[in-house]
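J.: return atomic coordinates for the entry below.
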Amino acid sequence: MRRLTGWSRVWRALVTVAVLGLVINGTARGDDQQWPFGPMSQFAFEVSNSGGTVRSVYVDALTVQGTMVRVPLDAQGIGLPRAEIEEQLGLFERDPSLLQAIAVAHARRHSDQPRYRVVYLRNEVTRLEHGKAVSHQVETPARWVVRDPANPQEIAR
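T.: Alright, predicted model coming up:
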């Protein structure tokens with residue numbers, strides 16, 4: 001086994017200190033944009049057993065046939081994972097027209113299924129008391145009527 005030279009030890013120590021510094025800084029002041037040197041906030045929270053709330057984001061759509069369906073937020077569904085929707089929640093609330101992209105993705109990936117007429121961003125809020133769910137409430141922070149449901153296209157920005 002070869003021994004490390006002095007320069008190799010210094011170089012490895014500097015890299016270790018730099019990585020640790022980035023992780024500590026990201027943990028203390030970072031956000032998801034700095035991953036892997038910042039927290040993944042989708043898992044980094046604690047909910048109080050008494051008086052705490054759990055929020056679960058999902059998307060519903062009203063089809064052109066009048067059926068309400070849950071939009072599958074995964075690779076097989078619209079190709080957009082739920083975590084992406086959760087991360088951009090404020091953006092969708094400020095600009096509901098961004099939900100048009102969900103109708104477009106659905107039409108492209110599932111041309112054999114009924115198109116979406118209206119897309120709803122939903123947030124299920126569950127309140128806890130003593131570790132048990134005591135109430136459920138569904139909020140709709142954003143809603144979008146799809147432009148041309150028969151042939152939805154991205155909206156030019």
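J.: what's the first helix or strand after the lengthiest helix in the chain?
T.: The single longest helix within the chain, with elements called by DSSP state H, is helix 6-29. Moving toward the C-terminus from helix 6-29, the next helix or strand (DSSP states H and E) is strand 53-63.
J.: buried set for that next one?
T.: With burial defined by 16 or more other Cβ atoms under 10 Å, the residues of strand 53-63 counted as buried are 57-63. Using the backbone N, CA and C atoms, a C-beta is placed for each residue, glycine as well.
J.: pLDDT of that strand, averaged?
T.: On average, the pLDDT along strand 53-63 is 92.
J.: report all helices and strands that that strand contacts.
T.: Secondary-structure packing of strand 53-63 (3 or more Cβ pairs under 8 Å, 6 or more residues apart in numbering; DSSP states H and E): strand 68-70, helix 82-87, helix 100-109, strand 116-129.
J.: for those, state which one has the densest average packing.
T.: helix 100-109 (a mean of 20; mean count of other Cβ atoms under 10 Å).
J.: still on that earlier bit, buried residues in the longest helix of the chain?
T.: residue 26.
J.: can you list the domains in the protein?
T.: Listed by automatic domain parsing, the domain ranges of the chain are 1-40, 53-145.
J.: mean confidence score for the shortest one?
T.: Translated: domain 1-40. Across domain 1-40, pLDDT averages out at 77.
J.: which residues touch the nearest residue to residue 58 once chain neighbours are set aside?
T.: Counting by Cβ to Cβ, 6 or more residues apart in numbering, residue 58 lies nearest to residue 122, which is 5.2 Å off, once chain neighbours are set aside. Neighbouring residues of residue 122 by Cβ atoms under 8 Å, 6 or more residues apart in numbering: 57-60, 138-141.
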